[in-house]
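[1] okay, sequence plus prediction incoming.
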Amino acid sequence: MNANELADKLEEMGLHGAAAMLRQQQAEVEELKKEAALQRLSDFTQEAEKTLTDEEIENIYWSLDSTGYDGCFSFIEFARAILRKASET
């Protein structure tokens, strides 16, 4: 049972004030979770801010193109490879 379900039960019991307080606390917890997630993302971004040179990016690009055809790999593979290289500090 989550906090909102518990608040519903409290309201059914006539404890409207307690239900409102519980819902408010749940909303605050959710907001804190969002803030913590944004902070972690910000921390990760700052850690991965190493600037790659054009040559490094081209090397990553060509190392992924094992088919011999320009651009025949997933952009997700390319993005992950860039992030891996940038985090090698």
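    Arrived safely. Numbering: from 1, shown residues only.

[2] where do the helices sit along this structure?
    Using DSSP state H, the helices of the chain run over 3-12, 16-47, 54-64, 75-86.

[3] ok, now how distant is the closest residue to residue 82 other than its chain neighbours from residue 78?
    Excluding the flanking residues, the one nearest residue 82 by C-beta to C-beta, 6 or more residues apart in numbering is residue 60, at 6.0 Å. Yep, even glycine has a C-beta here, placed from its N, CA and C like the rest. For residue 60, the distance to residue 78 equals 7 Å [C-beta to C-beta, to the nearest Å].

[4] what's the answer for residue 35, then?
    To residue 78, residue 35 is 31 Å away according to C-beta to C-beta.

[5] residue with max distance from the center of the protein?
    residue 14 (39.6 Å; C-alpha atoms, centre = their mean).

[6] ok so, going back, of the helices of the chain, which shows the lowest average pLDDT?
    Among the helices of the chain, helix 75-86 carries the lowest mean pLDDT, a mean of 78.

[7] buried residues in that one, which are they?
    Residues of helix 75-86 classed as buried: 78, 81-82, 85-86 (neighbour count, 16 or more other C-beta atoms under 10 Å).

[8] which of those residues sits closest to residue 56?
    Among those, residue 85 lies closest to residue 56 (C-beta to C-beta), at 6.3 Å.

[9] got a list of what that closest one touches?
    Shown in contact with residue 85 (C-beta atoms under 8 Å, 6 or more residues apart in numbering): 52, 56, 60.

[10] could you list the domains of the protein?
    1-47, 50-89 (automatic domain parsing).

[11] residues contacting stretch 6-17, please?
    For stretch 6-17, contacts defined as C-beta under 8 Å, 6+ apart pick out 1, 18-20, 22-23, 26.

[12] over to stretch 33-42?
    Residues from elsewhere that reach stretch 33-42 (C-beta under 8 Å, 6+ apart): none.

[13] work out the gap between it and the centre of the chain.
    Distance of stretch 33-42 from the chain centroid (C-alpha atoms, centre = their mean, to the nearest Å) equals 8 Å.

[14] many thanks, we can stop here.
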